[in-house]
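1. The amino acid sequence is not available; the structure is as follows:
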């Protein structure tokens, strides 16, 4: 079925019916349907590559689906992750493109007003002109046409780019600044349906807070994809999970959830509990039926032929008994076969750390595992004092470029200090989950890397496939051919199988699915050693219960316990 764009009977409704789309031989979306009414704000959930960006492009009409129909308001706008503009063009072109429809509407309103003034006394002409003007006026009021200039300044300021001169060439500003200007321009245009792909990328906390306020007051339909769990929690009125790979047994296709991200987590926990209960009940029933079949078979085997003087009666009774037992066996076997065919899969194990297998004496006592004094990394970090205890939970925050990654690499021993002292306890094992994983030999598969890292014995006792981090199809692919998220999962698996005494994580929620990020955070709560996390994740920061250190400008380390 070809792509269909249907003029919307209800301009405020955005609807997708049976959308399917493939890239090459890979099906990205299959038979997906969605309806979003005015005032609803639907967040998209799913693994990287599950089709969130694809769905937004299909809804916007940027790409046609292979099958299915899209019904959208006339004024539907998409904010893509990358802003495609001529680098030599002025920034004002981004704004002008976004509000071109409003400028057209302004001309239509002026033309309608002129037609109304020249309609004369002809009742039919006067009525037609009046209807035309009323329609244009209604659209202008809905688009807040008269506040356009005031709102432009407010939006640019709120998103942190109000000081930028809009006559500057696009290529002279950063990608983050371009994205902020594009977002401001899109909001300024007041489309009836708003589609946003990772809108909080490049936004600081103040800008995110401003955007949250704008979207909460938005009158039209909103669909957005975001990895920011706090943003999802603050903005979404409902969520659409388009990747059911780790959902409850029997789940297929996209699943819609009402409420915020907090409500979604509660629903997922309830799904998991039901899944576990169903699996346990079916396992018990399997054991019962198998035992019933086995007992019945043994009772037939124990039958002994009758004595000569009672052959007829005993034979008749034995035959009757055998038929009854056989019938019970057949019934039990039938139920057993049916249950084997239909039973749910075992729920994947929750992410956990297997403990520190050797050298655990390193964690004994209260002596710090790491002590830093007057450490300097020229132009990147000044660290006057830091101690990491055996049970430390430390969250390092700060703006981009403040030195968070520098600090972790310093603690991991991957970066030398230009001055100062950094002492580690004897036998200490430190591991770092990097933002950008680099592999010495990217042709090796995750399975081979895992076996090399933990040893054949450990890999046999705790197979990579049982960690639930990688799909079976990815275990034997070259790690260099995997997505960034899959590569981070591989790196995480190597650490999980052999936990270090000090676990360092650099932006651990980047490139991980939201559920996996949540699982990881929960698992770290019970980690058997010290944990140091560098993150700007607002959701993580709000729920952190350990120490917090804020880096300011890569120079001063300030404690904010």
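-> Structure's in. What do you need? These numbers were taken from a predicted model, which means no experiment stands behind them. Numbering: from 1, shown residues only.
2. can you map out the strands along the stretch 301-450 of the chain?
-> Taking DSSP state E, counting those that start in this stretch, the strands of the stretch 301-450 of the chain run over residues 370-377, 381-388, 393-397, 419-424, 430-433.
3. Could you list the buried residues of the fourth one?
-> Residues 420, 422, 424 are the ones in strand 419-424 that count as buried (16 or more other Cβ atoms under 10 Å). Every residue, glycine included, has its C-beta placed from N, CA and C.
4. and which of those is nearest residue 535?
-> Compare each of these with residue 535 using Cβ to Cβ and the shortest gap goes to residue 422, at 22.2 Å.
5. Quick check: that closest one vs residue 411, distance?
-> According to Cβ to Cβ, to the nearest Å, residue 422 and residue 411 sit 8 Å apart.
6. Identify the contacts common to the two.
-> Listed contacts common to residue 422 and residue 411 are 370, 372; contacts here mean Cβ atoms under 8 Å, 6 or more residues apart in numbering.
7. any chance of the buried residues of strand 419-424 in TSV, with distance to residue 130 and pLDDT too?
-> Formatted as TSV, the entries for those read as follows, by distance: Cβ to Cβ, whole Å; pLDDT from 0 to 100:
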residue	distance to residue 130	pLDDT
420	79	91
422	80	92
424	82	90
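8. Can you tell me how far residue 111 is from residue 125?
-> Following Cβ to Cβ, the distance that separates residue 111 from residue 125 is 15 Å.
9. Mind giving me the packing neighbours of the helix or strand that residue 257 is a member of?
-> Assigning secondary structure by DSSP states H and E places residue 257 in strand 255-258. Using 3 or more Cβ pairs under 8 Å, 6 or more residues apart in numbering; DSSP states H and E as the contact definition, the elements that strand 255-258 packs against are strand 238-241, helix 261-301.
10. where does the stretch 301-450 of the chain dip in pLDDT?
-> 301-325, 354-360 (pLDDT under 70).
11. ranges for the helices of it?
-> With DSSP state H, counting those that start in this stretch as the criterion, the stretch 301-450 of the chain has helices at 311-342, 404-411, 446-454.
12. contact partners of the helix or strand hosting residue 215?
-> Secondary structure assignment for residue 215, by DSSP H and E: helix 205-216. With Cβ under 8 Å, 6+ apart as the contact definition, helix 205-216 has outside contacts at 41, 155, 158-160, 180, 183, 187, 194, 199-200, 203, 222, 228, 230-231, 234-235, 538.
13. who touches the helix or strand following that helix?
-> Under the assignment DSSP H and E, the closest C-terminal helix or strand after helix 205-216 is strand 221-225. Contacts of strand 221-225 with the rest of the structure, by Cβ under 8 Å, 6+ apart, involve 12-14, 34, 36-44, 52-53, 55-56, 59, 73, 192-199, 215, 235-236.
14. What strands flank the strand holding residue 257, and is each parallel or antiparallel?
-> Here strand 255-258 has these sheet partners by DSSP bridges: strand 238-241 (antiparallel).
15. Can you tell me what sits against stretch 507-526?
-> 45-48, 227, 229, 232, 243, 246, 261, 265, 268, 350-353, 433, 435, 469, 483-485, 488-489, 492, 503, 505, 531, 533-537, 539-540, 543.
16. run the last query once more with 6 Å
-> Contacting residues not belonging to stretch 507-526 are listed as 47, 229, 351-352, 433, 435, 484-485, 488, 531, 535, 537 [Cβ atoms under 6 Å, 6 or more residues apart in numbering].
17. so residue 77 sits in a strand?
-> Yes. When the secondary structure is assigned by DSSP: H, G, I helix; E, B strand; the rest coil, residue 77 falls within a strand.
18. Next one, pLDDT for the residue lying closest to it once chain neighbours are set aside please.
-> In space, and not counting its chain neighbours, residue 77 is closest to residue 191: 3.9 Å by Cβ to Cβ, 6 or more residues apart in numbering. With respect to pLDDT, residue 191 scores 91.
19. repeat for residue 183
-> Predicted confidence (pLDDT) at residue 183: the value is 95.
20. How much space separates it from residue 539?
-> Here the criterion is Cβ to Cβ. By it, residue 183 lies 21 Å from residue 539.
21. quick one, which of those two is more surrounded?
-> Between residue 183 and residue 539, counted using other Cβ atoms under 10 Å, residue 183 has the larger neighbour count: 27 against 21.
22. angle of the one helix or strand the more buried one maps to against helix 205-216?
-> Secondary structure assigned from DSSP H and E places residue 183 in helix 175-188. Following axes from the mean of the first three to the mean of the last three Cα atoms, to 10 degrees, one obtains 20 degrees for the angle between helix 175-188 and helix 205-216.
23. helices and strands around whichever helix or strand comes after helix 175-188, which ones?
-> Reading on from helix 175-188 to the C-terminus, the next helix or strand found by DSSP H and E is strand 193-197. With contacts defined as 3 or more Cβ pairs under 6 Å, 6 or more residues apart in numbering; DSSP states H and E, the secondary structure elements packing on strand 193-197 are helix 52-60, strand 76-79, strand 221-225.
24. mind checking how far the second one is from the chain centre?
-> Relative to its parent chain, strand 76-79 has a centroid offset of 21 Å by Cα atoms, centre = their mean, to the nearest Å.
25. Repeat that for the longest one.
-> Chain-centre distance of helix 52-60: 16 Å, with Cα atoms, centre = their mean.
26. residues near the spatially closest residue to residue 39 that is not a sequence neighbour, how many?
-> For residue 39, the nearest residue in space outside its immediate sequence neighbours is residue 219; the separation is 6.4 Å by Cβ to Cβ, 6+ apart. The number of residues packed around residue 219, counting by other Cβ under 10 Å, is 12.
27. Tell me how far residue 219 lies from residue 40.
-> Relative to residue 40, residue 219 is positioned 11 Å away (criterion: Cβ to Cβ).
28. Ok, residue 71 next?
-> For residue 71, the distance to residue 40 - Cβ to Cβ - is 15 Å.
29. and what of residue 86?
-> Spatial separation of residue 86 from residue 40 under the definition Cβ to Cβ is 35 Å.
30. Which one of those two is surrounded by more residues?
-> It is residue 40, of residue 86 and residue 40, that has more neighbours when counted by other Cβ under 10 Å, with 18 against 10.
31. so the more buried one touches residue 237, yeah?
-> Yes. Residue 40 sits in contact with residue 237 when judged by Cβ atoms under 6 Å, with a separation of 5.4 Å.
32. rewinding a little: can you list contacts of the helix holding residue 183?
-> Residues beyond helix 175-188 that count as contacts (Cβ under 6 Å, 6+ apart) turn out to be 77, 79, 83, 91, 94-95, 98-99, 151-152, 155-156, 159, 161, 202, 214.
33. Which element, helix or strand, includes residue 492?
-> Element membership for residue 492, per DSSP H and E: helix 484-497.
34. which residues are contacting that helix?
-> With contact meaning Cβ under 6 Å, 6+ apart, helix 484-497 is reached by 48, 353, 431, 433, 437, 446, 453-454, 462, 464, 467, 469-470, 474, 479, 511.
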